[in-house]
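K.L.:
Here is my input, please return the structure:
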Amino acid sequence: MDIISIYLCINFNYCALCFVEVCRLPPKTGPCRAYITRFFYNSTSMKCEVFVYGGCDGNRNNFGNMAQCKKACHMAEVCHLPPQTGSCNMYEDRYFYNSTSKSCNRFVYGGCDGNQNNFKHKANCMHRCQPEKVCNQPPGPGGGSGNLKRFFYNSTSRSCEVFIYRGCGGNQNRFRSKRECIHTCQPLVKCGGKPPPQKKQTYSVFSSPNCYLKWDTTCSESVAETIALHSIQNSRFFVDI
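P.N.:
Reported below is the predicted structural model:
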């Protein structure tokens, strides 16, 4: 398994396992010759599909049944769902992520039902579905006479830093708190340090579009014993690492 491809960094050596990355991996049969029916998430068709697993090696996009696959990779689907007005008759301006044009577009939401590809603000849509575009923007102080403390992601230093926002305009690389900035941007940085040990043990982790470790946990021999991920969804899975 290419462990670097699914371990993401919070800072230079802070790593965590994100299921969004796992669900983008291609199916891998492996070199062994067993004939085992498994399921993988196809990020192109946005569905969980059957493949044949040889019994060894492979990667983490490998689930014992359809339910496990759907549960683990549900968050990867959100930004590819079509816009849904829903069954109610209200008229609310909302945004959805258009995976074809790779942009957030406006649509009319009826007020109930629909799906999760539904955001009140364009910035929320971009933060969720195309964070790499948001996080590579320079700080935008904007115009006006305001003196508001905000945070932006500095792609050069790979950290979230303070800047002064004037209150109008600017761009989407602007967060009210350092925590929000970290959640959105720092998990995009690939691990450059030593990856966690590849031990065949099972640990409880959480699914989240933005995963991260506690600040006192670094990539070390003890990381397997100290993994502690925060989660928005609180959906628990168990994986072997």
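
K.L.:
What is the three-state secondary structure of residue 68?
P.N.:
helix (DSSP: H, G, I helix; E, B strand; the rest coil).

K.L.:
Need the nearest residue in space to it, chain neighbours excluded.
P.N.:
Distances taken as C-beta to C-beta, 6 or more residues apart in numbering place residue 39 nearest to residue 68, at 7.2 Å, with adjacent residues excluded. For glycine as for every other residue, the C-beta is placed from the backbone atoms N, C-alpha and C.

K.L.:
Pretty sure that neighbour sits against residue 49.
P.N.:
Yes - between residue 39 and residue 49 there is a contact at 6.7 Å, judged by C-beta atoms under 8 Å.

K.L.:
burial measure for residue 160, as a count.
P.N.:
23 (other C-beta atoms under 10 Å).

K.L.:
Could you confirm it falls within a helix?
P.N.:
No - Residue 160 is assigned strand when assessed by three-state DSSP, not a helix.

K.L.:
Relative to residue 37, how far out is it?
P.N.:
44 Å (C-beta to C-beta, to the nearest Å).

K.L.:
Same check on residue 109?
P.N.:
From residue 109 over to residue 37 the distance is 40 Å, taken as C-beta to C-beta.

K.L.:
same check, this time on residue 63
P.N.:
As for residue 63, its distance to residue 37 is 11 Å (criterion: C-beta to C-beta).

K.L.:
what do you get for residue 159?
P.N.:
For residue 159, the distance to residue 37 - C-beta to C-beta - is 45 Å.

K.L.:
Same question for residue 27.
P.N.:
Applying C-beta to C-beta, the value for residue 27 to residue 37 is 12 Å.

K.L.:
ok, the two, which is more surrounded?
P.N.:
Neighbours were counted for residue 27 and for residue 37 using other C-beta under 10 Å; residue 27 has more, 18 against 10.

K.L.:
Next up, the contacts around that one.
P.N.:
Residue 27 makes contacts with 40, 42, 49, 51, 61, 62, as judged by C-beta atoms under 8 Å, 6 or more residues apart in numbering.

K.L.:
quick one: which two of the residues you listed are the most distant?
P.N.:
42 and 62 (12.8 Å; C-beta to C-beta).

K.L.:
who has more neighbours, the two?
P.N.:
Legend: neighbour count by other C-beta under 10 Å for residue 42 and residue 62, higher for residue 62 (22 against 17).

K.L.:
Show the secondary-structure elements that the host helix or strand of the residue nearest to residue 68 is packed against.
P.N.:
Per DSSP states H and E, residue 39 falls inside strand 36-42. Packing partners of strand 36-42 (3 or more C-beta pairs under 8 Å, 6 or more residues apart in numbering; DSSP states H and E): strand 47-53, helix 66-77.
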